[in-house]
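>>> what's the 3D shape of this:
(one chain, ligands or ions: 1)
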Amino acid sequence: MLDKAVETLLRMSKDSYIIPGDVVANVSDTNNCYHALLVLTQTGYSKIPVLNNKEQFCGFVSLAMVTKQMMESDRMNPDRLMKIPVSEIMESDVAVVEDPNDLEQVLNRLINEPFLPVVNEDRIFTGIITRREILKRVNFLAHNLEDYFQVSENADK
Ligand code: AMP
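Now for the predicted structure:
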């Protein structure tokens, strides 16, 4: 369980820490890897969500996964990517967040992932939570805790 003071300050910003789905770059599971390479290159993100035709979250595709598919013995052949659907190479065993208000779960999962997909009860993709958004709030907490709460050292620890 999060300490009350910590949780209060993490939640203090009136801005949401969820980046809404409509501004998150993504590819479809039926797109080919060449298209994924274009989107990854144009957006500059190293990893983006993969959605199906019902807007459900299916997994992640990364630049590393795509470039690996270009390898042809000792050279790179981008033409290979045209024939490979994203669904064939994506990482689908991904933890999703269904309750973005569960900050304890969000913090725990962001230790290992740079961002987390948020889905509704039908697995429809609704957005992402990034380490950056949470770190902004941790930064606020680190600088303002004593302005809002009385903090004293526990001599037993
Ligand atoms: P950040 O914490 O802002 O650096 O974001 C961490 C990761 O989240 C990025 O490297 C991307 O993989 C992903 N990400 C952040 N914002 C977006 C976006 N608008 N569209 C797609 N992916 C994003």
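>>> separation between residue 33 and residue 61?
Distance of residue 33 to residue 61, given as CB to CB, to the nearest Å: 8 Å. Quick note: C-beta positions are derived from backbone N, CA and C, even for glycine.
>>> leaving out sequence neighbours, find the closest residue to residue 104.
residue 2 (5.3 Å; CB to CB, 6 or more residues apart in numbering).
>>> check what pLDDT the nearest residue to residue 56 once chain neighbours are set aside gets.
Closest residue to residue 56 apart from its sequence neighbours, by CB to CB, 6+ apart: residue 123 at 4.4 Å. Note on residue 123: pLDDT of 97.
>>> with the one 5 residues further on instead?
Turning to residue 128, the model gives it a pLDDT of 98.
>>> and the strands in this structure?
Here the chain has its strands, by DSSP state E, at 18-20, 27-28, 47-51, 57-62, 71-72, 75-76, 115-119, 125-130.
>>> what is the longest helix along the chain packed up against?
Using DSSP state H, we find that the single longest helix of the chain is helix 131-148. For helix 131-148, the elements it packs on are helix 4-10, helix 103-110, judged by 3 or more CB pairs under 8 Å, 6 or more residues apart in numbering; DSSP states H and E.
>>> show residues contacting the last one.
This means helix 103-110. Contact with helix 103-110 is made by 1-2, 7, 10-11, 95, 97, 99-100, 116, 129, 131, 134, as judged by CB atoms under 8 Å, 6 or more residues apart in numbering.
>>> follow-up on the earlier one: and the contacts of the longest helix of the chain?
With contact meaning CB under 8 Å, 6+ apart, helix 131-148 is reached by 5-6, 8-13, 17-19, 106-107, 110, 113-115, 151.
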